[in-house]
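> Need coordinates for the following:
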Amino acid sequence: MGKQSKRLKNAYEKFDNLELFSVTDAVAKVKENAVAKFDETVDVAIKLGVNPRHADQMVRGAVVLPNGLGKTVRVLVFASGEKEKEALDAGADFVGGEDMVEKIKGGWTDFDACIAIPPMMAQVGKVGKILGPRGLMPNPKTGTVTMDVANTVREVKAGKVQYRVEKAGIVHAPIGKASFEVTKLEENLDALLREIVRVKPAAAKGTYLNSITLSSTMGPGVKIDPAYLKDKKV
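Okay, here's the model as predicted:
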C-alpha cells in the first residue's frame, strides 16, 4: 500500500462518520482529511424532502458562488454573428455552430460548461445524447440558453454552479477547493443553500433540507449538524 493510500486509510479509521459537526468544524475536518497530492475539490451532498419523479418537485438551477470554484472553467458557446463576437470578447474558450456540433459528434468534449443562444438550439439538439449525460446540455432553467451571452460567460467563468436533484432526492455540487480558507468555503456553501431554499417547490411537503454532508474528492463524508440550518434561517 502506498504512502498516500495509508494516509487516506488512517483518515477513515480516525473518523466517526455518524458524528455531527458545526459547519465551521465540518469544513475544517474536510480540509484536514484532504490528503491527496492534488488540490481536492470540496463537494456537498444535500438530501432534500422532494420526490424528483414528480415534475412539480424537480429542483434545478444555477448559482454564482461568491468565491468561485478555484479552477479554470472552459466554456463552449453556440452562437453566430454578433453574439459570437460577444462570447469571445467575454472570454469564451470555444465559439461556433455546426462546426462545434460536428466536433462533438466526433468525440470532442474538452469543455466544462456549454451556453447557447436560442436560435442555435436546433443544432445543439443533435448532440443532446452526448451533452445530456455529462450535464453539459444548455437549458433555459439554468440560464445557459440565453441571448445575454456575455454576462453568462462571465458568470460561468467566475464560478457559476449548476445543480439538479437526482432520483434519490440528493443535490450534489462543488463548493470550491480544499486549499480555500474555511470562511470562503462556508460562504460558498451558504450561497448554494440559500439558492436551493429559494427554489423550493410549492409541492414539497415536510422537512425540505434533511441532511448535508461535505467531502473532498478522496476524503470521507462529514455530516453537518441540522441545527446549522435553523441558525442560518435557510
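> What segments of this structure are strands?
For the chain, strands defined by DSSP state E occupy the ranges 20-21, 41-48, 60-64, 75-78, 94-96, 113-116, 160-164, 170-177, 209-216, 222-224.
> mind checking which of these is nearest V145?
Closest of the strands of the chain to V145 is strand 113-116, at 5.5 Å (criterion: Cβ to Cβ). Using the backbone N, CA and C atoms, a C-beta is placed for each residue, glycine as well.
> for the closest one, packing partners?
For strand 113-116, the contact count by 3 or more Cβ pairs under 8 Å, 6 or more residues apart in numbering; DSSP states H and E identifies strand 75-78, helix 149-158 as packing neighbours.
> Present the ones you listed as CSV; the columns should include mean pLDDT, mean neighbour count and distance to A87.
Below are the helices and strands packed on strand 113-116 laid out as CSV (pLDDT from 0 to 100; neighbours: other Cβ atoms under 10 Å; distance: least, Cβ to Cβ, whole Å):
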stretch, mean pLDDT, mean neighbour count, distance to A87
strand 75-78, 97, 27, 4
helix 149-158, 93, 20, 5
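> Against S80, how distant is G176?
Per Cβ to Cβ, to the nearest Å, G176 is found 35 Å from S80.
> of these two, who's got more company?
Remark: of G176 and S80, G176 carries more neighbours, 27 against 16, as counted by other Cβ atoms under 10 Å.
> Just the pLDDT for that one.
For G176, the pLDDT comes out at 94.
> ok, now which ones touch it?
By Cβ atoms under 8 Å, 6 or more residues apart in numbering, the residues touching G176 are T41, V42, L65, N67, G68, L69, G70, K184, L185, N188.
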